[in-house]
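Novice: A predicted structure for the sequence below; I have some questions about it.
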Amino acid sequence: MTEISATPLVASAVILTDAQRDQVRAVADELSRAADGVIDGPGWLPAARAASQRLPRELRHELREFRHDAGPDGLLLIRNLPVEDQLPTTPVRPGSVRRTATVASSAITAVMLQLGEVMAYRSEKTGALVQDVVPVPGHEKQQSNAGSVALHMHTENAFHPNRPHYVGLMCVRADPTGEARLCTSSVRRALPLLTAQARRVLTEQRFMTEPPPSFGDLGEVTPVHAVLQGDPDDPDVVVDFAATHPLDDTARAAMEELREVFERIALPHDLGAGDLAVVDNRLTVHGRTSFSPLFDGTDRWLHRVYASLDRRRTRPDLEQAGGAVLR
């Protein structure tokens, strides 16, 4: 590849050329007007699938390679995507989402559709397909996307049986204080650093996980589950260090060892406007450093979109928005 250059900061990262960014902008502009621009209506997501095929060939290639193998870090960072020339003030209300398509919301949706089917959850932010990640007054200490304290490392929606395979986080406005950083840690890098005892215990069903605050008071937890699942040599990880509870002292010690390893190998990422971080939610946990929101309309603003590889498995639970929202 000659038109997309790798950044030295992260192994799996691409930087769009200005010509490629303009190509994405043209696709996003057209998509923002499709189906009256109503993101969660029945017609917009099919239009987004068609628009996704017109993304730059080189970008589609990189996304397809990431889907095939997410690499040692389970993260793909795409820089220089288009956002609005004139942004409104950063939202401050709880549960903020995008209902009307914009350049940025169209761009992230088109990109994520190259990885899987875009989906959401009825109980989380009213089932919106494109959600805002912004600090909210009064929620500063909350372990959620609305908080501003350090956000513990977690598998996205670890409690849910149909977790997203990919989480897309696109920056539309950078943190003006420069304090907020996305942090990621991959189980592929962590596994060799764990003791044999911890690895064994983490593969056993000795943990339970609660829903995050963004789902409201569901009053439920997952069935007892293992933290490391699947191939012992290349497992998936299912854990939320703010919401996963070990059932005994041995399990607690193993989970603490995993937490310490994840913190030791964590990669911090500065996201500027137009940067999209795609996290493989099976391999990589993510969190955020603490920061000091100003609540003056200039705070950090991300769009979040989920993608799932297996729509048929989740089909019985899908509803609304063109069959993209899970119960």
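Specialist: That came through, no problem. Numbering: from 1, shown residues only.
Novice: can you dump the C-alpha coordinates of the one helix or strand residue 199 maps to into CSV?
Specialist: Element membership for residue 199 (DSSP states H and E) is helix 196-202. What follows is helix 196-202 as a C-alpha-only set of coordinates in CSV (Å, rounded to 0.1, in the frame of the first residue of the first chain):
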residue,chain,number,x,y,z
ALA,A,196,0.0,-20.5,35.2
GLN,A,197,-2.2,-20.4,38.3
ALA,A,198,-3.9,-17.2,37.3
ARG,A,199,-4.4,-18.5,33.7
ARG,A,200,-6.1,-21.7,35.0
VAL,A,201,-8.4,-19.9,37.4
LEU,A,202,-9.4,-17.2,34.9
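Novice: pLDDT on that helix, on average?
Specialist: Averaged across helix 196-202, pLDDT comes to 98.
Novice: what residues sit buried inside that helix?
Specialist: Neighbour counts over helix 196-202 (16 or more other CB atoms under 10 Å) mark 198-199, 201-202 as buried. For every residue, glycine as well, the C-beta is placed using N, CA and C.
Novice: tell me the one of the residues you listed nearest residue 18?
Specialist: residue 202 (45.4 Å; CB to CB).
Novice: list the contacts for the closest one?
Specialist: By CB atoms under 8 Å, 6 or more residues apart in numbering, the residues touching residue 202 are 194, 226-228, 254-255, 258.
Novice: how far away is it from residue 175?
Specialist: Per CB to CB, to the nearest Å, residue 202 is found 33 Å from residue 175.
Novice: what of residue 228?
Specialist: For residue 228, the distance to residue 175 - CB to CB - is 33 Å.
Novice: chain center to the helix holding residue 199, what's the gap?
Specialist: Helix 196-202 sits 27 Å away from the centroid of its parent chain (CA atoms, centre = their mean, to the nearest Å).
Novice: just stretch 191-206 next, same as before
Specialist: Taking CA atoms, centre = their mean, one finds stretch 191-206 lying 25 Å from the centre of the chain it belongs to.
Novice: what's the answer for stretch 125-142, then?
Specialist: That offset, for stretch 125-142, works out to 13 Å (CA atoms, centre = their mean).
Novice: now the end-to-end length of that stretch.
Specialist: This stretch, stretch 125-142, spans 16 Å end to end (CA to CA, to the nearest Å).
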